[in-house]
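Novice: give me a 3D structure for the following:
(one chain, ligands or ions: 1)
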Amino acid sequence: MSPAPRPSVAVVGAGIAGATCARALADAGFAVQVFDKSRGVGGRLATRRTEWTGADGSATPARFDHGAPAFEARSEAFVRVVEAAERDGLLARWSPSVDRDGRLDTDPAAQWVPTPDMPTLCRSLLAGLPMQTGCTVDALRREPGGWVLESAGVAVSPRVDRVVLAIPPPQAAVLLAPHRPDWAERARAVAMVPCWTLMAVTDAPATPPAWDLAEPSTGPAGLIVRSDARPGRTRVPGRAHWVVHARHAWSRAHLEDPPADVQARLRDALAQQVGQPLAWHHASVHRWRYAHAPADAAGPDLCEWDPDAGLGACGDALGGAGVEGAWRSGRALAARLVEHPLGHGREAGRA
Ligand SMILES: Cc1cc2nc3c(=O)[nH]c(=O)nc-3n(C[C@H](O)[C@H](O)[C@H](O)COP(=O)(O)OP(=O)(O)OC[C@H]3O[C@@H](n4cnc5c(N)ncnc54)[C@H](O)[C@@H]3O)c2cc1C
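Specialist: Numbers count the residues shown, from 1 in each chain. Got it, this is the predicted structure:
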């Protein structure tokens, strides 16, 4: 008797939700292929590599963790996962000193930082899986016997039994609309929170700040991070690397402002927080249209799954805001696929 064929699945999105789901499915015997529109993996667990040019014309490399700066692990299951990743050298525990309007908290809840860069965790989960990066999936075609993924009118996948969408809801809604208009409508209703982010290099302040993180209660900046004071990051003598995340409401109000204006406001906020003159070498901004799922995000099932169609969706907007919520959602969706043996979706696809 020939062995049963391995069910095949295409996972769209290589952030923590997609990577978690893809790894669990591969471990359960699925033939998994992963697609992401970015050049690399990690999604909002992101590290920007850039260069700035000094007065003498020399180029200096710089790295900024410009998405999630770190994350917490609250549930026992996720604590087990992050502690195992720490043992494997993929994560470091971070207990930053936090300044809140001049009050210093030296004992905040521990957070976790992937090392040596933010995508490490997803890279490790996806190791060995076939992957297409730089590939924006803009349509799902349902055929007898399965699904084909398309980009700009061209098929980018072979026919697969199952499709998992692990992408933010406004992007998922476009792909879902022809197949599950009810899910698409729910996805469109999710009010994702935007975030403007400043990445900057200055001379190191004459007096080093006592804080690693600052959370000012007024002004455009909601979170100021001494980027090179984080675990596993390199400190360059004489320089300081900063990441400033604008407050949610401010980002929303200024979403369409010219980047130069946003940069000027966030530079002012950084200078005010540091409280000393800063000599600037580099500054740039990034606009995250879909930075955070709303705080009350999470469906009862933590994911969407249609066994007849062989179609599912996961991500922070379904599993709960933040990295742990996205991980929970990816894990929940993988469990649902494993529950439904091969053939179910295929037969429905033929109907
Ligand atoms: C500035 C900022 C600060 C944050 N701070 C924190 C924090 O302190 N703590 C915390 O827990 N969380 C924080 N978060 C949120 C956290 O990063 C996210 O909740 C989590 O990473 C979401 O993971 P995900 O896999 O659901 O989605 P994503 O990480 O967004 O992954 C989705 C992937 O899908 C890809 N994609 C999208 N559309 C397509 C398409 N059509 N075709 C192919 N690929 C596609 C994207 O390129 C991306 O790689 C922060 C996020 C930002 C941006």
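Novice: domain parsing for this protein?
Specialist: 8-42+121-190+297-350, 51-68+98-107+193-292 (automatic domain parsing).
Novice: out of those domains, which comes closest to R74?
Specialist: When the domains of the chain are compared by CB to CB, domain 8-42+121-190+297-350 sits nearest R74, at 6.2 Å. Yep, even glycine has a C-beta here, placed from its N, CA and C like the rest.
Novice: so is the closest one next to the ligand?
Specialist: Yes. Contact of domain 8-42+121-190+297-350 with the ligand (CB under 6 Å from any ligand atom) involves 12-18, 35-38, 136-137, 166-168, 171, 315-316, 322-323, 326.
Novice: these in helices, which ones?
Specialist: I16, A17, G18, Q171, D316, V323, A326 (DSSP state H).
Novice: the fifth one is in contact with C303, isn't it?
Specialist: Same thing as D316. No. D316 lies out of contact with C303 (CB atoms under 8 Å); the separation is 11.3 Å.
Novice: so which of those two has more stuff around it?
Specialist: D316 (32 against 25; other CB atoms under 10 Å).
Novice: mutual contacts of D316 and C303, please.
Specialist: S329 (CB atoms under 8 Å, 6 or more residues apart in numbering).
Novice: ok so, going back, dump the ones in helices among the residues of domain 8-42+121-190+297-350 next to the ligand into a markdown table; add pLDDT as well.
Specialist: Converted to a markdown table, these look like this (pLDDT from 0 to 100):
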| residue | pLDDT |
| --- | --- |
| I16 | 98 |
| A17 | 98 |
| G18 | 98 |
| Q171 | 96 |
| D316 | 97 |
| V323 | 98 |
| A326 | 98 |
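Novice: scan those and report the most crowded one.
Specialist: A17 (35 neighbours).
Novice: surely it touches G322?
Specialist: No. Contact criterion CB under 8 Å: A17 and G322 do not qualify, at 11.2 Å.
Novice: what do the two both touch?
Specialist: Counting by CB under 8 Å, 6+ apart, the residues touching both A17 and G322 are D316.
Novice: quick one: mean pLDDT over stretch 53-65.
Specialist: When pLDDT is averaged over stretch 53-65, the result is 89.
Novice: ok, now stretch 84-93?
Specialist: Stretch 84-93 comes out at a mean pLDDT of 97.
Novice: which residues touch that stretch?
Specialist: V82, A110, Q111, W112, V113, P114, T115, T120, L121, S124, P231, G232.
Novice: using CSV, list the CA coordinates for stretch 108-118.
Specialist: Once non-C-alpha atoms are left out, stretch 108-118 reads as follows in CSV (Å, rounded to 0.1, in the frame of the first residue of the first chain):
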residue,chain,number,x,y,z
PRO,A,108,9.7,46.6,35.3
ALA,A,109,8.3,43.3,34.0
ALA,A,110,10.9,41.3,32.1
GLN,A,111,10.6,41.5,28.3
TRP,A,112,12.2,39.4,25.6
VAL,A,113,14.3,40.5,22.7
PRO,A,114,15.3,38.2,19.8
THR,A,115,19.1,38.2,19.2
PRO,A,116,21.1,39.2,17.3
ASP,A,117,18.2,40.8,15.4
MET,A,118,14.4,40.8,15.6
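Novice: starting at the chain centroid, how far to that stretch?
Specialist: 14 Å (CA atoms, centre = their mean, to the nearest Å).
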